[in-house]
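**Student:** Just need the structure, nothing else, for what follows:
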Amino acid sequence: MAHPTSPHAGTLPRLSSHWTGWGQWLALITMTVDHLTRYVLPGDWDLSWAGSSIGRIAFPLFAAMVAWHGLFNTRNPLRYSRRILIIGLVAQLPYMMMPRSSDAFILNVCFTLASGLTLGALVRQGWQHYQQQTLGLPWLLAGAAVGVTAWYLLGFWVEYGHNGLLLIPLLMFAMHALSQTENHFQARLWAGLAAFPALWIAGQMNASDMAKSFTVGTCVVVLILAAGAARRVPAINLAMPRRLWLAWYPGHFALIALWLLLSGQIT
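**Tutor:** Presented below is the predicted three-dimensional model:
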């Protein structure tokens, strides 16, 4: 959710990030449509289709932008993750006021995004150190075991669960492969195979066929951008103001919670 901290990212190719300017507006609009139809608008309006279609664009788009910035636009993905976590902490109280079918305690989506980015960044760093022979195989396996354990335990507490936590690391893996394909058949084949796990996980995140198609379709578009189409996206004329970007997630939940309190829907 937060902006990355640096315009450069290690040895990966510098790709155009103009698409994320458009993605910010689209992600916030589709997320707001989802939450308005779920929590605010009367049920007899029968707008559940909006949440199962337009609303299913938001999370994979947020995840894709976080994965993109974590790979290409920051030297310190863990710091970027902490900034997303701060937004989640601010948003958690109004998020908990939203009416739900279950009383189970759930951490909002910022915790999913921050944890997924942390997992993806640590996996990438561990593999780089192993390739450079600065990290032995036993330590790599021990780190993998800790990561799997953390993923399993945290998956019960965050929005979108285990699949949501996996989406960012898998998108990072696919984006990395796709960004280096050039025109070699073997590289393109490897990149195609690298994209499959992310698309499969995206397809497991929703129950209805409509929701699955919008989630997977969003991931497909972003992976096409990583494969080179990002170069063709022009810069947006109306960039998202930084303060608006940072405040929208907790702010819109606070306004929804206030509306629900004033209308007597929650006490």
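
**Student:** the helices in this protein, which residues?
**Tutor:** Counting by DSSP state H, the segments of the chain that form helices are 18-35, 48-51, 58-68, 77-96, 109-131, 137-154, 161-178, 185-203, 209-226, 242-262.

**Student:** Which residues are in contact with the residue lying closest to Val90 once chain neighbours are set aside?
**Tutor:** Excluding its sequence neighbours, the residue lying closest to Val90 (C-beta to C-beta, 6 or more residues apart in numbering) is Pro250, at 4.4 Å. Quick note: C-beta positions are derived from backbone N, CA and C, even for glycine. Contacts here follow C-beta atoms under 8 Å, 6 or more residues apart in numbering; on that basis Pro250 touches 87, 90-91, 94.

**Student:** now swap in His252 and tell me
**Tutor:** Contact criterion C-beta under 8 Å, 6+ apart gives 32, 35 as the residues in contact with His252.

**Student:** Offset the numbering so it begins at 649, please.
**Tutor:** Understood, numbering begins at 649; the last thing we discussed is His900.

**Student:** For it, give me the pLDDT.
**Tutor:** Per-residue pLDDT puts His900 at 95.

**Student:** Then Leu892?
**Tutor:** 94.

**Student:** Ignoring the adjacent residues along the chain, who's closest to Gly669?
**Tutor:** Closest to Gly669 by C-beta to C-beta, 6+ apart is Ile884, at 3.8 Å.

**Student:** sorry, that was for Leu785
**Tutor:** Nearest non-adjacent residue to Leu785, counting by C-beta to C-beta, 6+ apart: Tyr778, 7.1 Å away.

**Student:** which regions of the stretch 749-898 of the chain sit below the pLDDT cut-off?
**Tutor:** Scanning the stretch 749-898 of the chain for pLDDT under 70 picks out 749, 830-834.

**Student:** before we move on, back to that, farthest-separated two in the contacts of Pro898?
**Tutor:** Ile735 and Pro742 (12.2 Å; C-beta to C-beta).

**Student:** Which of the two has more residues huddled nearby?
**Tutor:** Ile735 (23 against 20; other C-beta atoms under 10 Å).

**Student:** what about that one, distance to Met820?
**Tutor:** 20 Å (C-beta to C-beta, to the nearest Å).

**Student:** Then Ala792?
**Tutor:** Here the distance between Ala792 and Met820 works out to 16 Å (C-beta to C-beta).

**Student:** Tell me who's in contact with Gly795.
**Tutor:** Gly795 neighbours (C-beta under 8 Å, 6+ apart): 767, 770-771.

**Student:** Let me have those in JSON lines, extended by distance to Pro708 and neighbour count.
**Tutor:** Formatted as JSON lines, the contacts of Gly795 follow (distance: C-beta to C-beta, whole Å; neighbours: other C-beta atoms under 10 Å):
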{"residue": "Leu767", "distance to Pro708": "17", "neighbour count": "21"}
{"residue": "Leu770", "distance to Pro708": "22", "neighbour count": "19"}
{"residue": "Val771", "distance to Pro708": "20", "neighbour count": "17"}
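
**Student:** hang on, the earlier thing: so for Ala792 and Met820, which sits in the more crowded spot?
**Tutor:** For the pair Ala792 and Met820, the greater number of neighbours falls to Met820 (28 against 14), based on other C-beta under 10 Å.
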